[in-house]
Structure formats: C-alpha cells, structure tokens
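Q: coords please:
(one chain, ligands or ions: 1)
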Amino acid sequence: MLENRRILLIVAGGIAAVKVPDLIRRLRERGAHVRCILTKGGAQFVTPLTLAALSGDKCYQELFDLKDESEMGHIRLSREADIILVAPATADIMAKMVAGMADDLATTALLATDKPVMIAPSMNVMMWTHPATQSNLQILKTREVKVVGPSAGDLACGEVGNGRMAEVPEIIAALTRFFQKNDGQGPLTGYKALVTSGPTHEPIDPVRYIANRSSGKQGHAVAAALAELGAQVTLVSGPTHEADPDGVNVVHVETAKQMMKACNDALPAEIVVCAAAVADWSPENAKQKMKKEAGKTPALTLAENPDILATLSQPGPARPNLVVGFAAETENLIENAKTKRAKKNCDWIVANDVSPGSGAFGGDNNTVHLVTADGVESWPTLRKRAVAERLAERIAASFQRHL
Ligand code: PMT
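A: Here you go, the predicted structure:
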C-alpha cells in the first residue's frame with residue numbers, strides 16, 4: 001500500500017525525533033519515497049545528514065535558501081507529496097498550523113500544501129492535556145488533519161501520561177489505512193466481523209423484564225468503526241435507542257439466548273467484539289402476567305444464561321482469529337479484567353470502570369484499558385466513537401502484522 005507513495009516528512013523539535021530514522025527505514029522498506037524537512041528544533045535531536053542518508057534524498061531546512069528555491073521551491077516541495085506527515089508534531093507546530101503561521105520552511109510548506117496532512121503528536125502530558133493544545137487539536141481535526149497517537153506511558157521528561165509519539169508500526173498502519181481508504185479500500189476489506197452491543201432484556205412475565213443500563217453507544221460505535229475500515233460487519237444488538245450504523249447488517253434481539261443464537265448464525269467471522277452487557281441470568285418466565293396478591297411477594301428463580309464471549313472463544317477450527325471482550329468492573333479493574341480474559345479465553349479485553357459516576361454505562365465518554373497478552377495499555381478518556389476507532393485501528397493493525 002505504501003509502494004511509490006511520496007511522503008513529505010516534517011520533523012519538528014521533540015525527543016521523539018529520535019524514532020524518525022527507524023520510521024524512514026520502515027517506510028522505505030515498504031517502497032515509499034520519503035523527503036524530509038527538518039525544523040531548527042528537530043535538528044537538536046536528529047541530524048540532517050542522518051535523514052538525508054536514510055531517505056536517499058536531500059533534507060530541506062531553510063526557507064530562504066537560494067539553491068533550494070531554484071531547484072525545489074517550497075511550494076513545489078509541499079505539492080510534490082501524496083501526504084505530509086508531521087512526526088513528531090510538537091505543541092508549537094500544532095499551534096502554528098492552527099494560526100496559519102509561515103515563519104519557517106516546515107510551516108510554510110504546511111500552509112502552502114493542497115495535500116492531506118497527518119500529525120503524530122508528541123509532548124509532555126501537561127502540554128498535551130492543556131486546553132490550548134486540545135482546542136488546537138480539535139481545530140486541526142475539523143480541517144481534516146489526520147491524527148495518529150499519542151499514547152500513554154513514560155515520557156522523556158520523567159513524567160508518566162499521555163503524550164508519547166505513536167510507535168513506528170502504528171504510524172505506518174495509519175498511513176497504510178489512509179492510502180487504502182483513499183483508494184476506496186480499507187485495511188479490513190475482505191474480513192468478516194461480528195459485534196454484540198446493548199443490554200439484553202430477560203422477561204419475568206409478558207410485560208416485565210430484567211435489564212441493565214447499557215445504551216449500545218459503545219458497541220454500535222465499534223461496529224461502525226470496523227465497517228469504516230472495510231470489514232463486513234454483523235451487529236447483534238439488544239434493545240437500544242441507537243440508530244443502526246450505516247453499512248452494517250444489524251440483527252435485533254431481546255434476550256441473551258436470542259443473542260447467542262444470532263451470533264452463532266453470523267459465524268464464521270475473523271473478528272468478534274463482545275461489547276454487549278449480556279444478562280448473566282434470566283428468570284423463569286411466567287406465561288401470564290403475574291398477579292399482585294395481598295401479602296405475597298413473588299420470588300424470582302434465576303437460571304444462568306449462555307456466556308456468548310466464552311462460547312465464541314472456545315478453541316476449534318471455527319474459532320474467530322481475534323475475539324475481543326469488554327470487562328465492566330466496579331473494583332480491581334485491571335486484575336479482574338485479566339482474570340476474565342483468561343477465564344473466557346478471549347484474546348483481548350477492553351476494561352472499563354462502570355462504577356456509579358463513571359458514565360461508562362449510557363454516557364458518551366469511556367476510559368478504557370486494553371488488556372492483551374502483551375500487557376495493559378491505558379487510553380485517555382475519549383468519546384465512545386474515538387474508543388471504537390482506536391480499537392478498530394488496533395484490530396486492523398493486528399491483522400496487517402499477520403499478512
Ligand atoms: O452500551 P453503553 O451504554 O455504551 O455502555 C458500554 C458498556 C459499559 C456496556 C461496554 O463498554 C461494556 O463494558 N460492555 C461489557 C459489559 C459486560 O457485560 O461486562 P462483563 O464484565 O459482565 O462481561 C465480560 C464480557 O463477557 C463482555 O464482553 C460481555 O459481552 C461478555 N458476556 C457476559 C455475559 C454473558 N452471558 N455473555 C457474554 O458474552
């Protein structure tokens with residue numbers, strides 16, 4: 001997908017610039033042409049000679065360089081690319097992009113371009129979470145600037161938090177996805193995905209039921225995000241007020257047993273994401289409406305429901321390649337999620353704290369931790385749509401690694 005793509009790589013002044021030589025190497029291995037612009041700040045971390053040697057092209061630095069201007073004007077530089085990638089993108093360069101400043105070669109090229117732009121932000125956690133940076137980020141997004149990362153972890157400044165530049169494979173996956181989408185394809189084109197979403201309603205009698213507070217927002221967003229990446233998605237949804245996502249085959253069910261059957265009917269699939277809040281038990285269902293009788297309180301007898309996630313994760317030739325569960329916890333979030341992952345035999349678990357006040361059930365935001373065999377990755381609080389996009393991207397990246 002990156003073969004013969006022309007990438008203008010702007011390297012700004014952040015410690016993550018030290019990852020750029022590896023990024024260039026990996027891009028060139030995939031057949032991409034890389035041309036670099038190095039800012040004054042970037043040159044504090046990586047030399048123009050390194051970038052020129054690895055990219056096999058001149059490394060451009062000065063706006064007013066007569067030789068460069070005669071050979072390759074800054075306008076041509078910005079237009080002769082298929083995409084401009086800013087990595088690392090500092091808070092400073094993001095602010096300059098928003099303001100439309102053009103006080104060096106990098107910002108001038110960014111202002112003069114008619115090509116798509118992708119940024120890989122990297123900075124201290126306080127700088128990243130500062131309202132100014134977050135507001136700049138939103139503005140850049142509304143201008144169709146693509147954003148990859150940042151992720152959470154140890155930062156070079158000694159603090160811990162969100163602000164680490166996306167890793168090289170993540171940036172490559174984002175570029176690959178961009179070009180695939182541009183070519184009318186997605187990284188998950190040709191893959192089938194099954195997603196569960198929403199609550200289940202377990203009837204007590206013909207008019208009453210046991211339910212939970214799941215709105216379906218998270219699961220529906222996952223289905224939409226997978227479809228956007230090209231997957232053929234079946235969404236098995238419990239009762240919700242969410243609209244059916246575009247381009248997704250939706251099967252509406254009510255109970256856990258119906259959800260189990262609809263999931264089995266939707267197989268085979270390469271990808272399964274169980275985001276539904278399935279009732280663990282269902283009451284013995286009275287055929288007629290239960291009558292209120294003075295002095296008598298009816299007792300509910302509960303029977304265990306099938307565990308859909310555990311069933312779909314069972315080893316066997318038909319097991320989907322990647323099964324992702326969600327863990328809704330109110331205490332010991334990570335430990336319980338790890339235990340659930342092992343017990344249900346799924347590959348990944350997305351752990352979310354659903355304590356009262358967290359807003360995870362029914363709200364628009366979610367704070368999740370991705371638990372895999374490789375460890376635990378904590379994501380910042382994001383809109384459920386953004387959680388879904390990030391998860392879908394991780395799923396796509398995991399399939400691309402195995403191609
Ligand atoms: O719908 P929203 O309002 O947007 O809220 C989103 C959410 C909080 C419901 C979602 O993010 C979430 O956490 N979904 C899983 C809820 C849940 O039932 O968690 P659990 O820890 O009880 O179950 C663990 C996993 O097993 C889940 O993937 C669940 O789908 C699955 N499960 C559970 C029981 C069962 N009988 N069958 C299952 O498949």
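Q: which residue packs closest to Ala397, ignoring adjacent ones?
A: Leaving aside its chain neighbours, Ala397 sits nearest to Ala173 (4.2 Å; criterion: CB to CB, 6 or more residues apart in numbering). Every residue, glycine included, has its C-beta placed from N, CA and C.
Q: how much space between that neighbour and Gly149?
A: Separation of Ala173 from Gly149 (CB to CB, to the nearest Å) stands at 11 Å.
Q: Just want to check the distance between the residue nearest to Ala397 and Leu235.
A: Going from Ala173 to Leu235 by CB to CB gives 24 Å.
Q: Settle it for me: which of these two has more neighbours?
A: More crowded of Ala173 and Leu235, by other CB atoms under 10 Å: Leu235, with 31 against 21.
Q: Touching, that one and Gly216? I think so.
A: No: using CB atoms under 8 Å, Leu235 is not in contact with Gly216, being 9.2 Å away.
Q: what is in contact with these two at once?
A: Taking CB atoms under 8 Å, 6 or more residues apart in numbering as the criterion, Leu235 and Gly216 both touch Ser197.
Q: contacting residues for Ala102?
A: Neighbouring residues of Ala102 by CB under 8 Å, 6+ apart: 108, 111-112.
Q: most neighbours, which of those?
A: Of all those, Thr108 has the most neighbours under the rule other CB under 10 Å, reaching 18 neighbours.
Q: can you pull the pLDDT of the closest residue to that residue other than its chain neighbours?
A: The spatially closest residue to Thr108, leaving aside those adjacent along the chain, is Ala102, at 4.2 Å (CB to CB, 6+ apart). Ala102 carries a pLDDT value of 94.
Q: Repeat that for Arg401.
A: Confidence at Arg401, expressed as pLDDT, is 62.
Q: How about Lys343?
A: At Lys343, the pLDDT value in this model is 98.
Q: Report the distance from the host helix or strand of Met260 to the chain centre.
A: Under the criterion of DSSP states H and E, Met260 resides in helix 256-266. Distance, stretch centre to chain centre, for helix 256-266: 26 Å (CA atoms, centre = their mean, to the nearest Å).
Q: That helix - contacts with which helices or strands?
A: Other helices and strands packing on helix 256-266, by 3 or more CB pairs under 8 Å, 6 or more residues apart in numbering; DSSP states H and E, are strand 192-197, strand 232-237, strand 249-252, helix 308-312.
Q: try 10 Å
A: strand 192-197, strand 232-237, strand 249-252, strand 271-274, strand 281-283, helix 308-312 (3 or more CB pairs under 10 Å, 6 or more residues apart in numbering; DSSP states H and E).
Q: Many thanks, I have nothing further to ask.
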